[in-house]
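> sequence unavailable; structure follows:
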Ligand code: SF4
Ligand code: SF4
């Protein structure tokens with residue numbers, strides 16, 4: 001399980017850095033390395049691309065886990081090069097970007113888009129496992145998430161378009177509801193789907209509510 005990230009288009013990154021001449025690069029040795037979006041090879045590739053367009057890369061590092069509080073100590077180890085930069089480009093998930101921002105008095109830009117929590121089925125191919133909706137329904141669905149795995153986020157699937165166990169939206173994906181029914185049938189618990197459950201509370205999800213009190 002890891003945070004799945006995807007590199008932003010280079011054109012977008014150039015726009016961020018339009019007014020920044022000197023850039024420090026930070027990668028992450030955990031999720032972004034495994035996603036091949038912010039490990040050492042990607043950081044060095046980014047360095048080359050930035051230098052090609054005339055930017056000065058004052059330094060770079062791949063922090064073992066960029067979202068960890070030890071990031072502070074890691075930054076201290078190369079603080080001179082960090083301080084010489086006009087901005088920091090972080091090739092880590094949004095958590096890593098915000099962790100770096102917490103410890104450096106510089107503009108910090110994300111080089112990646114943070115997609116979801118998931119796992120890698122094969123290099124570059126990921127399954128969505130959880131989108132952190134904050135009102136988990138797995139108790140009703142045999143431990144398979146219909147929010148993350150059904151493109152329509154259906155809580156009462158299947159939608160009718162499923163064919164041969166595949167999703168009508170993307171036939172490369174298994175239909176999440178097919179998987180749920182198959183699993184509950186195997187466990188002899190299909191009657192779980194007959195229970196009347198209250199509507200899901202979307203107000204607690206990050207898209208439907210203000211941040212929780214601190
Ligand atoms: S129901 Fe929500 S919290 Fe539970 S696995 Fe799915 S997305 Fe994650
Ligand atoms: S086919 Fe299955 S996974 Fe695809 S949208 Fe319909 S219910 Fe959801």
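Received it, and whenever you're ready, just let me know what you need. Model, not experiment: these values are computed from the prediction. Ligands and ions are numbered 1, 2, ... in the order given.
> quick check: residue 34 touching residue 4?
No: at 9.2 Å, residue 34 does not count as touching residue 4 under the criterion of C-beta atoms under 8 Å. In short, each C-beta sits where N, CA and C put it, glycine included.
> which regions of the protein lie under the pLDDT threshold?
Within the chain, the ranges that satisfy pLDDT under 70 run 1, 124, 206-214.
> and the biggest helix by length in it, what's buried?
What stands out as the longest helix in the chain, according to DSSP state H, is helix 40-52. For helix 40-52, a neighbour-count test (16 or more other C-beta atoms under 10 Å) marks 42-43, 46-47, 50 as buried.
> then stretch 88-102?
Buried residues in stretch 88-102, defined by neighbour count with 16+ other C-beta under 10 Å: 88-93, 95-97, 99-101.
> farthest pair within the residues you listed?
Greatest spatial distance among the buried residues of stretch 88-102 (C-beta to C-beta): 89 and 95, at 16.1 Å.
> tell me the phi and psi of the closest residue to residue 204 other than its chain neighbours?
Spatial nearest neighbour of residue 204, excluding adjacent residues (C-beta to C-beta, 6 or more residues apart in numbering): residue 134 at 4.3 Å. Backbone torsions for residue 134, taken as degrees, to the nearest 10, come to phi 70, psi 10.
> ok, residue 134 to residue 54 distance?
To residue 54, residue 134 is 45 Å away according to C-beta to C-beta, to the nearest Å.
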